[in-house]
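Visitor: Sharing a sequence plus its predicted fold:
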Amino acid sequence: MLRAHVASRYGAEVPVVLEQPKQPDFGEIAVPVAFQLARQLRQAPRAIAQQLVSELPGLPGVSKVEVAGNGYLNLRLDRGAYGYGVISGASEKIAPEDAGKIIVEHTNINPNKAAHIGHLRNAVLGDTFVRMLRSGGYPVEVQNYIDNTGVQVADVVVAFHYLEKRTPGEVAALISDQRPFDYVCWDLYAHVSSYYKTHPEALAWRAETLHAIEAGEGEQAEMAHLVADAIVEAHIRTMLRLGIVYDVLPRESEILHLKFWATAFEQLKERGAIHIETEGKNAGCWVMRGAAFSQDAENPDDKIIVRSNGTVTYVGKDIAYQLWKFGLLGKDFFYRRLMIYPNGHELWVSTDEQVTEQIPSFGAASRVYNVIDSRQSYLQDVVVAGLRALGYDEQADRSIHFSYEMVALSPRTCVQLGIELSEEDKRRPYVEVSGRKGLGVKADDLVNELIETALREVESRHSEASDEDRRQVATQIATGALRYFMLKFTRNSVIAFDFQEALSFEGETGPYVQYAAVRAANILRKLAERGEQLPDFQAVLTKEAMARQLESEDFWQIVLAVSKVDTAIARAIESGEPAHVAKYAFQLAQLFNNFYHGYPVLSEQNAERRTFLLWMTEYFRKQLERTLDVLGIAVPAYM
RNA sequence: GCGCCCGUAGCUCAGUUGGAUAGAGCGUUUGGCUACGAACCAAAAGGUCGCACGUUCGAGUCGUGCCGGGCGCACCA
C-alpha cells in the first residue's frame, strides 16, 4: 500500500523496505524510503518524508505515522488490534508448498574413536538447523555418512592386528567389555599414529589392511567391520544423549560394493569432466582440471580423482555420493533398519543386498546441506565443480557447504587436562584438537561432567525430589547447557573451548533460558494448586482490554518481542545461522526474568490486569518452550 | 606464493540484505531474597569497531591497500 502510494506519487519504483527501529520509542516499523527517493529526486530526505506523511492515506493496523531523524518514516501500530491478533493468531509456515525435500548431512565422524567436542559442534549445528527447517515446514532428511572403509578405521585395525596381535574374537570381547570401546580405540589410534612416526615401515601394514578391507577378505576385513560397527553404535548413543537422531546412515562400503563410483566414473569420463594424464607428475591419474574450481587463477592445480594405481580418492566417492543425494546417479542403496529410537523414530543403514520388502525412499533431494568444517572447503568446491562439469548447474547451486570453524582448546583448558604444550603452542590463542595425537575432550566425558555439576546444584535446591528425578533434571540442564554453548557462537568464529565457560549455568547459557521457562510454568502451576483455572483469554481480553493494558510501554515491548518467534526462526534459516535462534531465546528469557521481577502475577488485585498478566505468562511459557524446542533444549520440570 | 576465515569493552562474543545515541554475557564495584525459590534482578565503570584511503546523504557493515592471528592448498579423509 505504501509502495503503491510512493510509486504513483513519484512515478518511481523504489523498493520500500521495512525495518525495525533501533530504539523502541521510535515506533514499531521504520521506513527509510525517503533516503532512496532523495537520490532520485535530488531533494532533502526530510522534506520528502514530510510530504509523504501529509498525503498518505490511513494504513490498516497503523495508528500513527511520523517523521523522525533525517527522514525516517516511523509507523506506530494499533496496540489493541495487534494484541488481540496475537491471542487468536496461529503460527505461520514459511516453506513454499512445492518445496522439495532437503537433505542435511551432518556428524560424519570416522568410526575409529570416541566423538570429541569438535564433532559435537558439527552435530549440534546440523541437528539444530534441521529443527529450524522442520519448524518452518520444510521436509528434511537427516543423513550421517559413515566412512567405514577408510584409512582411519584401517589404522585402528593395524593397532589391533599387528601391534597387539589380537584376533577378531578378542576384539569382539573388548567391544562388550566394561571399558567403553570407543575410548579404547581413542588411545589406540593415538598410539598407532605416533608409532608410524618412529616406524615408517609400518605404513605398509596400513596399505595391506586397506587392501584387505576393500577386497572384503581376511581377518583385517572382519575386524574393520567389527570396529566400525561398534564405534558407529557408540556415536549414535553419544549423540542421542543430546537428542540428536538420524534418518539414514549411508556407508562407504556400499558406495564401493554397489559400484556407485563406477557409475559416476562413466558419467565423468563421458562428459569430459575428467581426463587421464599421460605425462608429468600426475601421469597415469584421472584428474579434474584445476580451472573448474581454481583458487589460484594464475596457475591452477589439477585435482587427482583416480590414482595411478586405479583406486579412487575420497573426492571421487564424494562426487558419486552427492550425485545420489540429488537422484542423479541412477542407482540406489538397499537398506535395513538399524534400530528404533526410544521415541519410535527409525534409523536405517545402507546395505548391499535387499533384506526387506519395505524399502523406504531416501535421497533424491532438491537441496543439500553438507555440515562440514571450513577446513574442507577446498574439497567441497571440487565436489561442486564435479556436478557442474557434468552439466548439473542447478544442483551445484543447491549444494550448500554449511561450513563452520573448528573447536580448539583454550590454553587454560590444556593445562587442566594435563596436556604438555610446546613453547610455540603456549603463545597461541588456542590449540587445535587432534585425534591423531589423542588431544581433545571426549564428548561423553564432557556430558558426564556437566551432569555431575548440574546434579550438585539440583541436589542443593531440591532435597525433596527422588534421586532418579533429580538425575533426569540434571541431565536436561547439562545437555541444555552444552547445546546452547555450541550454538551461541556464529558459525565462522573459532571456539576456543574452555571448561570453566562451558560448565557455567549463569548468564548467557542454556540453563538461564530454561530457568525462565520453568519460572513461567511455576506461576501457572501455583495457580492450579490454588484450584484456579486459566481463564478463556480470548473471551476476556477484548480488543479494548488489550488496548488498555498495552498502553504500558513495558507490556507493549514484551508482546512485540514475544510474538516474533517465527520471524526470528525464518531469519535464522535465511542467514543459515542457528546462533540467531539461540540469541533470540536468550533475549526472550531476559525479557521474562525482567517481567517476573517487576510484575507479581498471582497477587495482582485488579482483575483485568491479573488476567492480562496470566496471559502474558502463558504466552511467554509457550513461546520460550517452542524456541527451546527448535534448539533441541528441554524444559525441566523444576530447577 | 595462492585461497578462505577472524580482528568490536579487561576477557568471550553479538551486531538482522549500509541507517538514528555501537550491544550482551563474564569479570570488577554497589544495591536487592516476604517463596510466583536469587541458576535471578537493578545500577555504575568500561570503546580510536586493527590502521589508512575510497564509495555514499549515511560505513562496525561495501571496495582497495597495509598490519596482526588462524586454517587450507596430497596419488589422506
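Guide: Right, received. Where do you want to start?
Visitor: For A:Trp556, which non-adjacent residue is spatially closest?
Guide: A:Leu550 (4.8 Å; C-beta to C-beta, 6 or more residues apart in numbering). The way it works is simple: take the backbone N, C-alpha and C, and place the C-beta from them, glycine included.
Visitor: quick one, what contacts the one you found?
Guide: Contact partners of A:Leu550, counting by C-beta atoms under 8 Å, 6 or more residues apart in numbering, are A:Arg79, A:Gly80, A:Tyr82, A:Gly83, A:Trp556, A:Val559.
Visitor: What is the subsequent helix or strand relative to whichever strand or helix holds the fourth one?
Guide: This means A:Gly83. Per DSSP states H and E: A:Gly83 is located in helix A:79-88. Downstream of helix A:79-88, the next assigned helix or strand under DSSP H and E is strand A:102-105.
Visitor: Mind listing what's buried along the next helix or strand after that following strand?
Guide: Beyond strand A:102-105 on the C-terminal side, the first helix or strand identified by DSSP H and E is helix A:117-135. Within helix A:117-135, the residues scored as buried using 16 or more other C-beta atoms under 10 Å are A:117-133, A:135.
Visitor: Equivalent analysis for stretch A:262-278, please.
Guide: Those would be A:Thr263, A:Ala264, A:Phe265, A:Gln267, A:Leu268, A:Ala273, A:Ile274, A:His275, A:Glu277, for stretch A:262-278 by 16+ other C-beta under 10 Å.
Visitor: where does the residue nearest to A:Trp556 land on pLDDT?
Guide: Looking at A:Leu550, its pLDDT reads 93.
Visitor: State the distance from it to RNA strand B.
Guide: Here the criterion is C-beta to the nearest atom of the strand, to the nearest Å. By it, A:Leu550 lies 18 Å from RNA strand B.
Visitor: A:Tyr183 now?
Guide: As judged by C-beta to the nearest atom of the strand, A:Tyr183 and RNA strand B stand 21 Å apart.
Visitor: And the helix or strand that residue falls within, how far out from the chain middle?
Guide: A:Tyr183 belongs to helix A:181-198 when assigned by DSSP H and E. On the basis of C-alpha atoms, centre = their mean, to the nearest Å, helix A:181-198 sits 30 Å off its chain's mean C-alpha point.
Visitor: and it, which residues are buried?
Guide: A:Phe181, A:Asp182, A:Val184, A:Cys185, A:Trp186, A:Leu188, A:Tyr189, A:Ala190, A:Val192, A:Ser193, A:Tyr195, A:Tyr196.
Visitor: I'd like to know the average pLDDT value across that helix.
Guide: The model assigns helix A:181-198 a mean pLDDT of 94.
Visitor: Next: stretch A:409-429.
Guide: What stretch A:409-429 shows for mean pLDDT is 82.
Visitor: for stretch A:375-393, same thing?
Guide: Stretch A:375-393 comes out at a mean pLDDT of 93.
Visitor: check contacts around A:Gln557.
Guide: Counting by C-beta under 8 Å, 6+ apart, A:Gln557 makes contact with A:Pro24.
Visitor: Next, the distance between the ends of stretch A:86-104.
Guide: By C-alpha to C-alpha, to the nearest Å, the extent of stretch A:86-104 from end to end equals 33 Å.
Visitor: ok, now stretch A:540-558?
Guide: 20 Å.
Visitor: Stretch A:256-272 close to RNA strand B?
Guide: No - Stretch A:256-272 does not reach RNA strand B (C-beta under 7 Å from any atom of the strand); its nearest approach is 11.5 Å.
Visitor: quick one: contacts of that stretch?
Guide: Contacts for stretch A:256-272 (C-beta under 8 Å, 6+ apart): A:149, A:214, A:216, A:254-255, A:273-274, A:286, A:305-306, A:312, A:316-317, A:319-321, A:323-324, A:329-331, A:333-334, A:352, A:386, A:389-391.
Visitor: okay, now the residue nearest to A:Ile305 when sequence neighbours are not counted: neighbour count?
Guide: In space, and not counting its chain neighbours, A:Ile305 is closest to A:Gly316: 4.5 Å by C-beta to C-beta, 6+ apart. Around A:Gly316 there are 26 other residues, counting by other C-beta atoms under 10 Å.
Visitor: Tell me who's in contact with A:Gly316.
Guide: So A:Gly316 contacts A:Trp261, A:Ala264, A:Phe265, A:Ile305, A:Val306 (C-beta under 8 Å, 6+ apart).
Visitor: so how many other residues sit close to the first one?
Guide: Right, A:Trp261. A:Trp261, neighbours per other C-beta under 10 Å, totals 23.
Visitor: Is A:Ile213 in a helix, a strand, or coil?
Guide: helix (DSSP: H, G, I helix; E, B strand; the rest coil).
Visitor: pLDDT value on it, please?
Guide: pLDDT, read off for A:Ile213, is 91.
Visitor: My guess is it contacts A:Val153. True?
Guide: Yes - if you go by C-beta atoms under 8 Å, A:Ile213 and A:Val153 touch, sitting 7.4 Å apart.
Visitor: Name the residues contacting each of these two.
Guide: In contact with both A:Ile213 and A:Val153: A:Ala224, using C-beta under 8 Å, 6+ apart.
Visitor: what ranges do the strands span in the stretch 301-450 of chain A?
Guide: Using DSSP state E, counting those that start in this stretch, the strands of the stretch 301-450 of chain A run over residues A:303-306, A:334-340, A:346-351, A:367-373, A:399-404, A:407-409, A:431-432.
Visitor: how close does A:Arg519 get to A:Ser504?
Guide: Distance of A:Arg519 to A:Ser504, given as C-beta to C-beta, to the nearest Å: 19 Å.
Visitor: Looking at those two, which one has more neighbours?
Guide: With neighbours defined as other C-beta under 10 Å, A:Arg519 and A:Ser504 compare such that A:Arg519 has more, 20 against 16.
Visitor: sorry, back to before: ok, so of the buried residues of helix A:181-198, who is nearest A:Val441?
Guide: A:Val441 lies nearest to A:Trp186 out of those, by C-beta to C-beta, at 11.3 Å.
Visitor: right, and that closest one touches A:Asn110 too?
Guide: No - in this structure, A:Trp186 is not within contact of A:Asn110 by C-beta under 8 Å, at 11.6 Å.
Visitor: Now do the shared contacts for the two.
Guide: The overlap between the contact sets of A:Trp186 and A:Asn110 (C-beta under 8 Å, 6+ apart) consists of A:Gly435.
Visitor: Report the residue spans of chain A with pLDDT below the cut-off.
Guide: For chain A, applying pLDDT under 70 flags the ranges A:1-4, A:6-17, A:38-45, A:90-95, A:97, A:294, A:296-299.
Visitor: and the residue of it nearest RNA strand B?
Guide: A:Gly507 (2.3 Å; C-beta to the nearest atom of the strand).
Visitor: How many residues are close by that residue?
Guide: 9.
Visitor: Secondary structure class of it, three-state.
Guide: State at A:Gly507, reduced to three classes by three-state DSSP: coil.
Visitor: Nice, that's everything, thank you.
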